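A.B. asks: This is a predicted model, with the sequence first.
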Amino acid sequence: MKEYIYSRNAVYETLRAGQRQVFQLLIAEGVKQNERINEIISLARNQNIQPQRVPRNRLDGIHRQHQGVILQVSGFPYRDLADILKLALERGEEPLVLLLDTLQDPQNLGTLLRTAEAVGIHGVVIPKAHTALVTPAVVNASSGASEHLLIAQSNLAQAIALLKDQGVWIVGLEGSPQARKPSQIRLDGALGLVVGSEGQGMRHLVRNSCDLLMQLPMRGKIESLNAAVAGSIALYLISQVRNP
């Protein structure tokens with residue numbers, strides 16, 4: 001399957017990560033030759049891809065937010081949960097895994113993937129169905145960060161069971177009265193953070209599979225944060241504990 005990655009940061013990071021097969025690099029005629037465009041061209045040529053100058057309306061027909069550059073590539077290469085655990089072992093670190101329970105919005109998924117990559121997470125697990133996938137829109141929303149991540153598709157309850165067998169503590173992010181504050185939870189060990197879907201939260205089976213629940217302290221007048229914001233804050237709280 002082939003797809004088109006659009007926008008400069010997404011194209012740049014896709015080329016830099018080198019996870020996908022690259023077929024074409026299209027650059028709009030008349031686009032300003034700045035540093036990022038030059039970097040994109042250099043990376044493409046290093047992969048034996050010669051950039052093609054094409055009329056801007058050809059890129060407009062693929063996606064309106066192309067920023068003068070589009071990359072045709074193979075589909076996103078999903079990995080296995082075993083690859084994620086192997087990466088943690090290679091780094092000599094306790095595993096840190098983000099599990100996303102049926103997020104629907106590509107922007108939310110992209111935001112969480114960008115945060116996950118920034119804090120050095122070992123990998124992300126998403127369900128096999130009823131969820132946003134790593135589409136070009138998600139790559140763009142993550143500003144290309146998704147391309148540097150190991151992302152697995154799995155039955156979430158089964159993935160949680162496997163992680164528990166490997167000594168990983170599973171923490172579900174939720175705003176319920178039963179949930180503990182971050183200061184009441186040890187976050188520096190082997191950890192899986194579960195973030196539920198927009199509006200619905202975690203599904204019943206996934207929630208019951210968690211070792212404990214964690215809530216973010218709320219001091220303002222609003223009652224909750226959306227999944228991407230809450231998940232990003234939780235990831236940074238965990239990162240601060242693991243890397244003081």
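C.D. replies: Cool, the structure landed. Numbers count the residues shown, from 1 in each chain.
A.B. asks: three-state assignment of residue 3?
C.D. replies: Residue 3 carries the three-state label strand when classified by DSSP: H, G, I helix; E, B strand; the rest coil.
A.B. asks: which other helices and strands contact the top helix by length along the chain?
C.D. replies: Among all segments of the chain classified by DSSP state H, the helix with the greatest residue count is helix 227-242. When contacts are defined as 3 or more C-beta pairs under 8 Å, 6 or more residues apart in numbering; DSSP states H and E, helix 227-242 sits against strand 96-100, helix 106-118, strand 169-173, strand 191-195. Bear in mind the C-beta positions are built from the backbone N, C-alpha and C, glycine included.
A.B. asks: Any chance of CSV for those, columns mean pLDDT and distance to residue 125?
C.D. replies: Listed next are the helices and strands packed on helix 227-242 as CSV, based on pLDDT from 0 to 100; distance: least, C-beta to C-beta, whole Å:
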stretch, mean pLDDT, distance to residue 125
strand 96-100, 98, 5
helix 106-118, 97, 11
strand 169-173, 97, 11
strand 191-195, 97, 8
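A.B. asks: Quick one: closest of the ones you listed to residue 46.
C.D. replies: Proximity to residue 46, assessed across the helices and strands packed on helix 227-242 by C-beta to C-beta, is greatest for helix 106-118 (22.2 Å).
A.B. asks: coming back round to it: ranking the helices and strands packed on helix 227-242 by burial, who's on top?
C.D. replies: Comparing the helices and strands packed on helix 227-242 on average neighbours per residue, with mean count of other C-beta atoms under 10 Å, the densest one is strand 96-100 at a mean of 26.
A.B. asks: What are the structural domain limits within the protein?
C.D. replies: The record, using automatic domain parsing to delimit domains, assigns the chain the ranges 2-74, 81-242.
A.B. asks: so of those domains, which one's packed in deepest?
C.D. replies: Among the domains of the chain, domain 81-242 has the highest mean neighbour count (mean count of other C-beta under 10 Å), at a mean of 18.
A.B. asks: which stretches of the protein have low pLDDT?
C.D. replies: For the chain, the stretches flagged by pLDDT under 70 are 221-223.
A.B. asks: residue contacts, the residue most central in space within it?
C.D. replies: By C-alpha atoms, centre = their mean, the mean C-alpha position of the chain lies nearest to residue 113, the distance being 2.2 Å. By C-beta atoms under 8 Å, 6 or more residues apart in numbering, the contact set of residue 113 is 124, 134, 138, 141, 142, 145, 146, 149, 151.
A.B. asks: May I ask you to confirm that the third one is in contact with residue 106?
C.D. replies: This means residue 138. Yes: the criterion here is C-beta atoms under 8 Å, and residue 138 meets it with residue 106 at 4.7 Å.
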